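Chemist: show me the folded form of this:
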Amino acid sequence: MQSVPNDTRPWQDRKRPLWLLALAVPTLPFQAGALASVTGVGAFWWWGPFFAFVLVPLFDLVTGLDSSANPPEEVMAALEADRYYRWCTYLYLPLQYGALIWACGEWSAGHLSVADSLGLAVTTGVVAGVAINTAHELGHKREELERRLSRLALAQSCYGHFYVEHNHGHHVRVATFEDPASSRMGEDYYRFLLRSVWGSLRSAWHLEQRRLSRRKRPVLSAHNEVLTAWSLSAVLFTTLTAAFGLRVLPYLLLQAVLGFCLLEAVNYLEHYGLLRQRRPDGRYERVAPRHSWNSNNTVSNLFLFQLQRHSDHHANPLRRYQTLRHFDEAPQLPSGYASMIVLALLPPLWRRVMDPRLKGHYGGDLSRANLHPRLRHRLIARKNADAAQAESVQEKRQPASAWARTGPGGGADAARPRSVRQRRAAPTRPSARWPRR
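Modeler: Alright, predicted model coming up:
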C-alpha cells in the first residue's frame with residue numbers, strides 16, 4: 001500500500017476540484033452536437049468513443065500514475081462526510097437525462113443522416129455505460145436517496161438488475177468459478193459477454209426470488225426490485241417514444257446495448273483469470289487485493305470515480321470513492337480502463353499483453369488461476385504428460401534389476417531384448433519392470 005509521506009502538514013485531497021471533470025462524460029452528446037455544428041463535419045457525432053478510447057488513454061499516458069498518497073485513517077471520517085463528493089455523483093444524473101432527451105430530439109428532427117444518427121447513438125451509449133459506474137458508486141451506499149438514484153441511472157441502459165446482482169451476487173462470488181462477472185483466462189471478451197449478461201440476469205432473478213421467499217412475499221409483485229428496475233426502463237423508453245415518435249426507438253435500444261456492453265468490458269478486465277483459493281473447510285478464502293486488477297492512472301480514475309482502485313472497493317464496498325486506497329501488492333494493469341477496453345476488443349492482443357502478467361502473478365503456476373474449462377483441461381493434460389515423461393526419464397536412469405543382470409544371456413542386454421523374437425522369448429516375472437525405450 002502507498003505510504004503517507006513523512007510530512008507534518010495536514011493531509012489534503014489534491015484532486016478535490018478535479019472530480020468535477022467526471023461530469024464532462026454525460027455532456028458528450030452536447031459536445032458532439034456543438035463540434036458538428038461549428039465545423040460542419042458529421043464525423044463529430046462519433047465524438048463519444050473518440051473521447052473515451054483515444055483522448056483519455058492519451059491523457060493517461062501524459063499524466064502517468066497518481067502520485068498522491070492514500071488518505072490516512074484519521075481523515076477518513078471527515079472525507080467520507082464531505083458532501084461535495086456526493087454532489088459530484090448526484091449531478092451526473094440530470095446531465096445524463098438532459099443529454100438523452102436532447103439526443104431524442106435530434107433523432108426525431110430528421111436532419112441527421114443515418115451515419116450521424118448512429119454516431120450520436122454510440123456517443124449516448126458511452127454516457128449510458130459510464131452511468132452504470134455512477135450507479136455502482138451510489139448503489140453501494142446505505143442512504144435510500146442514493147439507492148434510488150442508482151436505479152434511475154441504470155434505467156437508460158435497461159440494466160437495472162445489476163443493482164441486485166452486483167451487490168448480492170458479484171461481491172459474494174467474485175474471483176470464483178461461480179461468478180458470471182469474473183472472466184477466466186483463455187476466455188475472450190465476446191464469449192464472456194454472452195456468459196456474463198445471461199448469468200448476471202439469471203443470478204439477479206434467483207437472488208431476488210430467494211429474498212422475497214424469505215420475507216414470504218410474492219415474486220411477481222412491486223416488491224421485486226428486478227421487476228421494478230425493468231419497469232422503470234420500460235416507462236422511460238415508452239415515454240420518450242411517445243414524445244418523439246417511433247423513429248427514436250432503434251437508437252434508444254442501440255445506446256442501451258452499447259451501455260451495458262461497456263459495463264461488461266469493465267467487468268471483463270477487473271478480475272481476468274484471478275481466483276480465490278478454497279480453504280480446508282471448502283469455503284473460498286476472503287477477498288484480498290490480489291483478487292482484482294488495479295490501475296492507478298490519474299485521468300481515467302477521475303472520470304470513473306476511482307473505480308480502478310478496485311481491490312479496496314471489494315474489501316470495503318461501502319467506502320466512498322474519494323477514500324479508496326491504492327495497493328502496490330495488487331496485480332496492476334499496464335494502463336487505465338479506457339486503454340484496456342480497447343485491448344479487450346482485440347482478443348489476440350489482449351492475450352499477448354495480459355496472459356504473461358497473469359502467469360507472473362501466480363509465479364508460473366496457472367493451476368491457481370481462474371481458467372477457461374478448455375484451457376484447464378489442456379493444462380491438466382500437459383501436466384500429466386510432463387509427469388509421465390519425468391517418470392520415464394527416471395526409470396531410464398535406474399540400474400537394471402539383479403534378475404535382469406543375471407537373466408538369460410547375462411549382462412544388461414538381457415534387460416532390454418533387441419528384437420521381436422527376443423522380446424517374445426524373454427521370460428516374465430511379476431516383479432520384473434522393463435525400462436521404457
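
Chemist: quick one: low-confidence parts of the stretch 1-150 of the chain?
Modeler: 1-9 (pLDDT under 70).

Chemist: can you give me the strands for the stretch 251-400 of the chain?
Modeler: For the stretch 251-400 of the chain, applying DSSP state E, counting those that start in this stretch gives no strands.

Chemist: which residue ranges form the helices in it?
Modeler: Taking DSSP state H, counting those that start in this stretch, the helices of the stretch 251-400 of the chain run over residues 298-303, 310-315, 337-344, 347-361, 373-397.

Chemist: check contacts around the closest residue to Gly129 other than its chain neighbours.
Modeler: Setting aside the residues directly before and after it, Gly129 is nearest to Leu262 in space (Cβ to Cβ, 6 or more residues apart in numbering), at 2.9 Å. For glycine as for every other residue, the C-beta is placed from the backbone atoms N, C-alpha and C. Applying Cβ atoms under 8 Å, 6 or more residues apart in numbering to Leu262 gives the contacts Gly125, Val126, Ala128, Gly129, Val130, Ile132, Ile341.

Chemist: is Ala315 in contact with Ala288, as I believe?
Modeler: Yes: with contact defined as Cβ atoms under 8 Å, Ala315 counts as touching Ala288 (7.5 Å).

Chemist: what's the closest of the helices of the stretch 251-400 of the chain to Arg215?
Modeler: helix 310-315 (27.5 Å; Cβ to Cβ).

Chemist: please put the alpha-carbon coordinates of the closest one into PDB.
Modeler: Presented in PDB, the C-alpha positions along helix 310-315 are these (Å, rounded to 0.1, in the frame of the first residue of the first chain):
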ATOM      1  CA  HIS A 310     -11.000  -2.000  -7.300                       C
ATOM      2  CA  SER A 311      -9.200  -4.000  -4.700                       C
ATOM      3  CA  ASP A 312     -10.100  -1.600  -1.900                       C
ATOM      4  CA  HIS A 313     -13.600  -1.400  -3.200                       C
ATOM      5  CA  HIS A 314     -14.100  -5.100  -2.800                       C
ATOM      6  CA  ALA A 315     -12.500  -5.100   0.600                       C
END
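
Chemist: what about it, average pLDDT?
Modeler: Helix 310-315 shows a mean pLDDT of 92.

Chemist: what's in contact with that helix?
Modeler: Here helix 310-315 has contacts from 171, 174, 270, 287-294, 307, 319, 324-327, 330, using Cβ under 8 Å, 6+ apart.

Chemist: need the buried ones from those residues selected in ChimeraX.
Modeler: Only the buried entries of the contacts of helix 310-315 go into this ChimeraX selection, using 16 or more other Cβ atoms under 10 Å:
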select :171,174,270,287,289,290,291,292,293,294,307,319,324,325,326,327,330
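
Chemist: rewinding a little: mind putting the helices of the stretch 251-400 of the chain in CSV, distance to Tyr97 and mean neighbour count included?
Modeler: Below are these laid out as CSV (distance: least, Cβ to Cβ, whole Å; neighbours: other Cβ atoms under 10 Å):
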stretch, distance to Tyr97, mean neighbour count
helix 298-303, 19, 22
helix 310-315, 26, 22
helix 337-344, 24, 23
helix 347-361, 34, 15
helix 373-397, 42, 11
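
Chemist: for burial, what's the neighbour tally of Tyr84?
Modeler: 12 (other Cβ atoms under 10 Å).

Chemist: run a quick neighbour tally on Ala234.
Modeler: So Ala234, with other Cβ under 10 Å, has 12 neighbours.

Chemist: and it, which helix or strand is it part of?
Modeler: helix 225-244 (DSSP states H and E).

Chemist: kindly report the same for Ser117.
Modeler: helix 114-139.

Chemist: I'd like to know which elements that helix is packed against.
Modeler: Applying 3 or more Cβ pairs under 8 Å, 6 or more residues apart in numbering; DSSP states H and E, we find helix 114-139 packed against helix 28-39, helix 47-50, helix 83-90, helix 92-109, helix 144-155, helix 162-165, helix 249-270.
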